[in-house]
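Colleague: I would like the atomic coordinates for the input below:
(2 chains)
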Amino acid sequence: MKVIFDLLFTLNRYNHRMTTNNLRVQVWRGTSNGEFIEYLVPRNANQTVLDVVTYIQRKLDPSLSYRFACRVGMCGSCAMTVNGLARWTCRTHVSQIVDGDALQIAPLNNLPVIKDLATDMREFFNKWKGAVGFFKGDRSRHDNFAMVPPASKERELANAGIECIGCGVCYASCEVVEARPDYLGPAALNRAWTLINDVRDIQQAERMNAVAGDAGCHACHTQGSCTERCPKKLEPTAGIAGLKKLVARAAVRGSKWGKL
Amino acid sequence: MTVIKADMRVLQAKLWYAQRISAMILGLCVAIHLLIIFYAIRGGVTAQEILGRTRGNIGFAVFYEIFVLACFVHAPIGMANILEENFPKNRFLKLVPWALALLIIFIGSVAVVSLFSGGQV
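Modeller: The predicted structure follows:
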């Protein structure tokens, strides 16, 4: 019994301490021309960065623009630059990242800012299309299901990258995207690699051609920021390395889908 | 988003391949080169001794020419990438890797011939 009382007391004290502190939150306001404005936000236990942004918009300044939908790490719409690094804000607890009481929230890098924390993600998704990052099969509803053994190498490689939620954290963290704006980026290439390993897909030659060269996989510096920051713990760097080898071999020696 | 032409993309993929293969050869060559140096340098070494060993030795000549050829392929591709990523597009910059390539093959091959002939070109 005493143990439970002690625990409750500790928790209560912890909560009390948390709520008496304020966070000093600098939020980017404006477009690419803008400035950081500071807001004071009460600190709560288990508070996420998205909670902080929502608090500001609901209680302090309703003109703040930002984007979110599911709040549980599925939709990929709430990514922002938090204390200098791209993160999914709905699953990032303030307590995990704040040192002291300062939080700085900015829109994602490498994308045009529409307003405040909302970026224009058209180019990001156009690059998925540019990397032939969409499925096309050759079966109709009258055919049987395709059989893909779960333990097959292709299926395992496809599984490794399939959980991408399209949040743009990798794209915003990539130094090559920053240096070469036409580079397809880690998310599009991860999608391409996943589909290259989809044995049902019928546009592999086109896809290999789309991701070849210096605007595609061969520009990657293997620096690994995408892999380090991916909130879903995917490894675009590994997928891109796979693409580099496969596509370069296809250009020089050919592949099972023909020569480039 | 600018789209690079298909044949350009294929060329870039081939260049990437050439650079990786030449890197493998270079890695091997550097290791052999260092081992030879460690072996040869015991107790000091002079230019005369080196030339004495390499003069007329076809094995050394072939090895070092392979070394030079790997550099000739590897370095200019890397330099072209660095220039491409760090400087604005410029016709002159496209010539720099070619100049480097010619310099490497020329200076390198002259050195190999000198080793083989013992400095009497």
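
Colleague: where in chain B is pLDDT low?
Modeller: B:1-3, B:119-121 (pLDDT under 70).

Colleague: Kindly report the residues of it close to chain A.
Modeller: B:1-4, B:6, B:8-14, B:16-17, B:20, B:81, B:84-86 (Cβ under 8 Å from any Cβ of the partner chain). For glycine as for every other residue, the C-beta is placed from the backbone atoms N, C-alpha and C.

Colleague: tell me which element residue 27 falls in.
Modeller: Using chain A here. strand A:22-30 (DSSP states H and E).

Colleague: actually chain B
Modeller: Counting by DSSP H and E, residue B:27 is found in helix B:6-40.

Colleague: Now the element after that helix, going C-ward?
Modeller: Following helix B:6-40 in sequence, per DSSP H and E, is helix B:47-54.

Colleague: What lies in contact with stretch B:52-71?
Modeller: Here stretch B:52-71 makes contact (Cβ atoms under 8 Å, 6 or more residues apart in numbering or on different chains) with B:22, B:25-26, B:29, B:32-33, B:40, B:104-105, B:108-109, B:111-113, B:115-118.

Colleague: If you count neighbours, what's buried in that stretch?
Modeller: B:54-55, B:60-61, B:63-65, B:67-71 (16 or more other Cβ atoms under 10 Å in any protein chain shown).

Colleague: quick one on the thing from earlier: for the strand holding residue A:27, the distance to its chain's centre please.
Modeller: When distances are taken as Cα atoms, centre = their mean, to the nearest Å, strand A:22-30 is centred 22 Å away from the chain's centroid.

Colleague: elements contacting whichever helix or strand comes after that strand?
Modeller: Proceeding N to C from strand A:22-30, the next assigned helix or strand is strand A:34-42, under DSSP H and E. Packing partners of strand A:34-42 (3 or more Cβ pairs under 8 Å, 6 or more residues apart in numbering or on different chains; DSSP states H and E): strand A:22-30, helix A:49-55.

Colleague: hmm, 7 Å instead?
Modeller: With contacts taken as 3 or more Cβ pairs under 7 Å, 6 or more residues apart in numbering or on different chains; DSSP states H and E, strand A:34-42 sits against strand A:22-30.

Colleague: okay, the residue of the stretch 151-260 of chain A found nearest chain B: pLDDT?
Modeller: Nearest to chain B in the stretch 151-260 of chain A, going by Cβ to the nearest Cβ, is residue A:213, at a distance of 3.3 Å. Looking at residue A:213, its pLDDT is 91.

Colleague: For it, grab the count of nearby residues.
Modeller: 27 (other Cβ atoms under 10 Å in any protein chain shown).

Colleague: wait, it sits on residue B:9?
Modeller: Yes. Using Cβ atoms under 7 Å, residue A:213 is in contact with residue B:9, at 3.5 Å.

Colleague: picking up where we left off before, alpha carbons of the strand holding residue A:27, in CSV - could you do that?
Modeller: Extracted in CSV, the C-alpha atoms of strand A:22-30 (Å, rounded to 0.1, in the frame of the first residue of the first chain):
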residue,chain,number,x,y,z
ASN,A,22,6.1,27.4,-19.3
LEU,A,23,7.7,26.6,-22.6
ARG,A,24,9.2,29.4,-24.6
VAL,A,25,8.2,28.5,-28.1
GLN,A,26,9.6,30.2,-31.1
VAL,A,27,7.3,29.7,-34.1
TRP,A,28,8.1,30.6,-37.7
ARG,A,29,5.5,33.1,-39.0
GLY,A,30,5.3,34.2,-42.6
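
Colleague: near chain B, which residues of chain A show up?
Modeller: Residues of chain A lying close to chain B by Cβ under 7 Å from any Cβ of the partner chain are A:123, A:126-127, A:130, A:179-180, A:182, A:209, A:212-216, A:218, A:244, A:247-248, A:251-252, A:260.

Colleague: Secondary structure element for the most centrally placed residue in chain B, which one?
Modeller: Note on chain B: the residue nearest the mean C-alpha position is residue B:71, at 1.5 Å, using Cα atoms, centre = their mean. Using DSSP H and E, residue B:71 sits in helix B:58-86.

Colleague: how far does that helix sit from the chain's center?
Modeller: That offset, for helix B:58-86, works out to 3 Å (Cα atoms, centre = their mean).

Colleague: report the angle between the axes of the helix or strand following that helix and helix B:47-54?
Modeller: Next helix or strand after helix B:58-86 toward the C-terminus (DSSP H and E): helix B:91-117. On the basis of axes from the mean of the first three to the mean of the last three Cα atoms, to 10 degrees, helix B:91-117 is oriented at 80 degrees to helix B:47-54.

Colleague: Who are the packing partners of helix B:91-117?
Modeller: Checking 3+ Cβ pairs under 7 Å, 6+ apart, helix B:91-117 ends up next to helix B:58-86.

Colleague: rerun that using 10 Å as the cut-off
Modeller: helix B:47-54, helix B:58-86 (3 or more Cβ pairs under 10 Å, 6 or more residues apart in numbering or on different chains; DSSP states H and E).

Colleague: mind listing what the strand holding residue A:27 pairs with, with the direction of each?
Modeller: Using DSSP bridges, the strands paired with strand A:22-30 are strand A:34-42 (antiparallel), strand A:102-106 (parallel).

Colleague: So which bits of the first one are buried?
Modeller: Meaning strand A:34-42. Quick answer for strand A:34-42 (16+ other Cβ under 10 Å): A:37, A:39, A:41.

Colleague: Same check on the last one?
Modeller: Within strand A:102-106, the residues that qualify as buried by neighbour count (16+ other Cβ under 10 Å) are A:103, A:105-106.

Colleague: TSV for the residues you listed, including pLDDT?
Modeller: Formatted as TSV, the buried residues of strand A:102-106 follow (pLDDT from 0 to 100):
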residue	pLDDT
A:103	96
A:105	98
A:106	98
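
Colleague: I'd like those laid out as CSV, including distance to residue A:81.
Modeller: Below are the buried residues of strand A:102-106 laid out as CSV (distance: Cβ to Cβ, whole Å):
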residue, distance to residue A:81
A:103, 11
A:105, 7
A:106, 4
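
Colleague: what's the closest of those to residue B:44?
Modeller: Among the buried residues of strand A:102-106, residue A:106 lies closest to residue B:44 (Cβ to Cβ), at 61.6 Å.
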